[in-house]
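Engineer: Sequence below, structure please.
(4 chains)
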Number of protein chains: 2
Amino acid sequence: MTEATRRERLRAETEREIRQAARTLLVESGRDAVTLRAIARKLGITAPALYRYYDSHDALLRQLCDDICADMAAALHTDLAADTSGQVGCKVRAVCHAFRRWALAHPQEFALVFASPRDPLGADQFGSVFLQLAGPLIASNEDAHHVEEEVPSVLHEDLVRFQQVLRDAVAEHGVTLADEVLNLGKIYHVVQSWVRLYGHVALEVFGRFPFAVSNPEPMFDSMLDQMLSDIGFAQVEQ
Amino acid sequence: MTEATRRERLRAETEREIRQAARTLLVESGRDAVTLRAIARKLGITAPALYRYYDSHDALLRQLCDDICADMAAALHTDLAADTSGQVGCKVRAVCHAFRRWALAHPQEFALVFASPRDPLGADQFGSVFLQLAGPLIASNEDAHHVEEEVPSVLHEDLVRFQQVLRDAVAEHGVTLADEVLNLGKIYHVVQSWVRLYGHVALEVFGRFPFAVSNPEPMFDSMLDQMLSDIGFAQVEQ
DNA sequence: GAACTCTTGTAAACACCGTTCACTGAAACC
DNA sequence: GGTTTCAGTGAACGGTGTTTACAAGAGTTC
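Structural biologist: The predicted model follows:
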């Protein structure tokens, strides 16, 4: 059964422990506590031994980010599956709520991923995860019509590129889309919506509202309502 | 003229040099480069000497944040003064543009202040600076009418608190406002607008758009249009 | 089973960090 | 002139990421 040799199994096990130790340190004591020596201490080994598994402290943090994003993707997937309404608008709303809920429940993880830009040129990790789930949903909404004239022509080139990204994401789920379904007007609103959603969640997690908000959820819901109607979803009773 | 003694003058001069060295290090090499030893090296002194001026590395960074925000406030003030249109809508737009421009021109400073929460409970530094300028402008817009029924009643308490904050900010400029001018509906939209503005700028500065945007300015302008009309300003020809 | 290689870990060291402490020397004060 | 105040020093402590030389065990080959 186990094709792996004994050595490979041990190595995999140690690597798992490293990741888990790093994760625990992050959650319990924040980003600065995730040091090589602290991780090694938890495993009962010395710091240089970690270099047998990761090239550098940075590489380890990058791996940690990947783990976190994979976990978030799984959480969003679960929450989406829990929505049995069948209505696409509800599903999109469910994913948005799931994103906010996850971020609030994992502030340290959220902060780490947010503060660790993978590629200098866009391609944010959270954006990838979210839009990979929400993209197909938004695209499958047939009764949304946004004329392309609405969007500034300067943005056409960028939007076409993003259109391709979304199309690829949908294609991974075995669906192909016509241009008129995923038109530039809709793409444009998807981007604006993501900026609003991500912006709101980031500001909320980091506690950066201009005043102390005792309960930001209604504000989030209100923003979501406008966002969804902008995208082309009919108002849904909650 | 100079009431200060020789010793006091020297001390003030050294402190100025410390701040400037810290600022240079931040701008040129990022947050992590702002170490006590690096600053001391620039001044030709030793690191412990800095403890005669600041209680800790953290305190020095906090001072740096204050300097940065003061600079930004000055820049926004200048840009606002440069707008001679006389129309309030244009002035608000000018401040928003100035905020984005400053953030893009000072990414390291923006990142430092953003990543250094002053108070755990809200009271973001950028929010204070911006709303202190934009608050009076927005409040002075007479022809905006937003009924209070629009805003979720759960938020009333928070919005009243923020209303007081804005009123105080305006009062510092010698203006007092009636409740009907600065009603809760308007306050609500101010908050939502600030979240959008701050969110957009943060995502743009940190390069976190879901795809590589070659020119985010039209997107910003478009968002600003909707934002201003939400707040109650008539569309303005640019 | 012996010899060899490959892998995993260690210990020591380097250069850096924030911070503390005892101490010097000069300016300021009386 | 004697005393106090204070900016600055040098050494030290414990922390960090990282490199290096080395040991010891696991796996492989003959």
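Engineer: can you give me the helices for chain A?
Structural biologist: A:6-29, A:36-43, A:57-82, A:88-105, A:107-114, A:125-139, A:156-171, A:184-205, A:217-231 (DSSP state H).
Engineer: in the second one, what counts as buried?
Structural biologist: To tie it back to what came earlier, the one meant is helix A:36-43. A:Leu36, A:Ala38, A:Ile39, A:Ala40 (16 or more other CB atoms under 10 Å in any protein chain shown). Every C-beta, even on glycine, is put in place using the N, C-alpha and C of the backbone.
Engineer: cool, the third one as well?
Structural biologist: If you call a residue buried by 16+ other CB under 10 Å, then helix A:57-82 has these buried ones: A:60-61, A:63-65, A:68-69, A:72-73, A:75-76, A:79-80.
Engineer: Could you do the first one as well?
Structural biologist: By 16+ other CB under 10 Å, the buried positions in helix A:6-29 come out as A:Thr14, A:Ile18, A:Arg19, A:Ala21, A:Ala22, A:Arg23, A:Leu25, A:Leu26.
Engineer: so what's the residue of chain A found nearest chain B up against?
Structural biologist: Chain B sits closest to A:Gly199 of chain A, with a gap of 1.7 Å, by CB to the nearest CB. The neighbours of A:Gly199, taking CB atoms under 8 Å, 6 or more residues apart in numbering or on different chains as the test, are B:Val195, B:Arg196, B:Tyr198, B:Gly199, B:His200, B:Ala202, B:Leu203.
Engineer: Just to check, the third one is in contact with A:Arg208?
Structural biologist: When you say that, I think you mean B:Tyr198. Yes - at 7.2 Å, B:Tyr198 and A:Arg208 qualify as touching, with contact defined as CB atoms under 8 Å.
Engineer: So for those two, which residue has more residues nearby?
Structural biologist: B:Tyr198 (24 against 21; other CB atoms under 10 Å in any protein chain shown).
Engineer: quick one, what contacts that one?
Structural biologist: Counted by CB under 8 Å, 6+ apart, B:Tyr198 has contacts A:Gly199, A:Leu203, A:Arg208, B:Asp124, B:Phe126, B:Gly127, B:Phe130.
Engineer: Now for the closest residue in space to A:Pro117 that isn't next to it in sequence, how many residues are close by?
Structural biologist: Closest residue to A:Pro117 apart from its sequence neighbours, by CB to CB, 6 or more residues apart in numbering or on different chains: B:Gly207 at 6.1 Å. Neighbourhood size, B:Gly207 [other CB under 10 Å]: 17.
Engineer: Now that we're looking at the closest residue to A:Gly30 other than its chain neighbours, what pLDDT does it have?
Structural biologist: Spatial nearest neighbour of A:Gly30, excluding adjacent residues (CB to CB, 6+ apart): A:Gln108 at 5.8 Å. Note on A:Gln108: pLDDT of 97.
Engineer: who touches A:Gln108 in this structure?
Structural biologist: Taking CB under 8 Å, 6+ apart, one finds A:Leu26, A:Val27, A:Gly30, A:Arg31 in contact with A:Gln108.
Engineer: Give me the distance between it and B:Pro48.
Structural biologist: 33 Å (CB to CB, to the nearest Å).
Engineer: Also A:Gly232?
Structural biologist: Taken as CB to CB, the span from A:Gly232 to B:Pro48 is 63 Å.
Engineer: quick one: which of these two has more around it?
Structural biologist: A:Gly232 (17 against 10).
Engineer: what's the pLDDT at that one?
Structural biologist: 79.
Engineer: That one is in contact with A:Leu137, isn't it?
Structural biologist: No - in this structure A:Gly232 lies outside contact range of A:Leu137 using CB under 8 Å: 11.8 Å.
Engineer: Would you mind listing what in chain A touches DNA strand D?
Structural biologist: A:5-7, A:35-38, A:47-48, A:51, A:56-58 (CB under 7 Å from any atom of the strand).
Engineer: Give me the spatial nearest neighbour of A:Ala33, chain neighbours excluded.
Structural biologist: In space, A:Ala33 is closest to A:Leu25, 4.8 Å off (CB to CB, 6+ apart).
Engineer: Could you list which residues are in contact with the one you found?
Structural biologist: Contacts here follow CB under 8 Å, 6+ apart; on that basis A:Leu25 touches A:Ala33, A:Val34, A:Thr35, A:Ala38, A:Ile39, A:Lys42.
Engineer: let's go with 7 Å and repeat that
Structural biologist: Taking CB atoms under 7 Å, 6 or more residues apart in numbering or on different chains as the criterion, A:Leu25 is in contact with A:Ala33, A:Val34, A:Ala38, A:Ile39.
Engineer: do the same with A:Ala115
Structural biologist: So A:Ala115 contacts B:Ala115 (CB under 7 Å, 6+ apart).
Engineer: cool, and A:Leu26?
Structural biologist: Taking CB under 7 Å, 6+ apart as the test, what A:Leu26 contacts is A:Val34, A:Leu64, A:Gln108, A:Glu109, A:Leu112.
Engineer: Distance of the first one relative to A:Asp55?
Structural biologist: It stands for A:Val34. From A:Val34 to A:Asp55 the distance is 16 Å (CB to CB).
Engineer: between those two, who's got more neighbours?
Structural biologist: A:Val34 (22 against 9).
Engineer: Report all helices and strands that the helix or strand of chain A with the lowest mean pLDDT contacts.
Structural biologist: The helix or strand of chain A with the lowest confidence, counting by mean pLDDT, DSSP states H and E, is helix A:156-171 at a mean of 84. Contacts defined by 3 or more CB pairs under 7 Å, 6 or more residues apart in numbering or on different chains; DSSP states H and E place helix A:156-171 against helix A:125-139, helix A:184-205.
Engineer: Determine which of those approaches DNA strand C most closely.
Structural biologist: helix A:184-205 (26.0 Å; CB to the nearest atom of the strand).
Engineer: Now find how far off-centre that closest one is within its chain.
Structural biologist: 12 Å (CA atoms, centre = their mean, to the nearest Å).
Engineer: Could you do stretch A:10-21 as well?
Structural biologist: With CA atoms, centre = their mean, you get 25 Å for stretch A:10-21.
Engineer: And the pLDDT for the residue nearest to A:Ala33?
Structural biologist: The model's pLDDT for A:Leu25 equals 98.
Engineer: picking that back up, what's the ChimeraX syntax to select whichever of the contacts of B:Tyr198 are buried?
Structural biologist: Selection of buried members from those for ChimeraX, criterion 16+ other CB under 10 Å:
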select /A:199,203,208 /B:124,126,127,130
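Engineer: Pick out the most distant pair among the contacts of B:Tyr198.
Structural biologist: A:Gly199 and B:Phe130 (14.5 Å; CB to CB).
Engineer: show me the contacts for the residue nearest to the spatial centre of chain A.
Structural biologist: Closest to where the C-alpha atoms of chain A average out (CA atoms, centre = their mean) is A:Phe126, at 2.7 Å. The contact partners of A:Phe126, by CB under 7 Å, 6+ apart, come to A:Val113, A:Tyr198.
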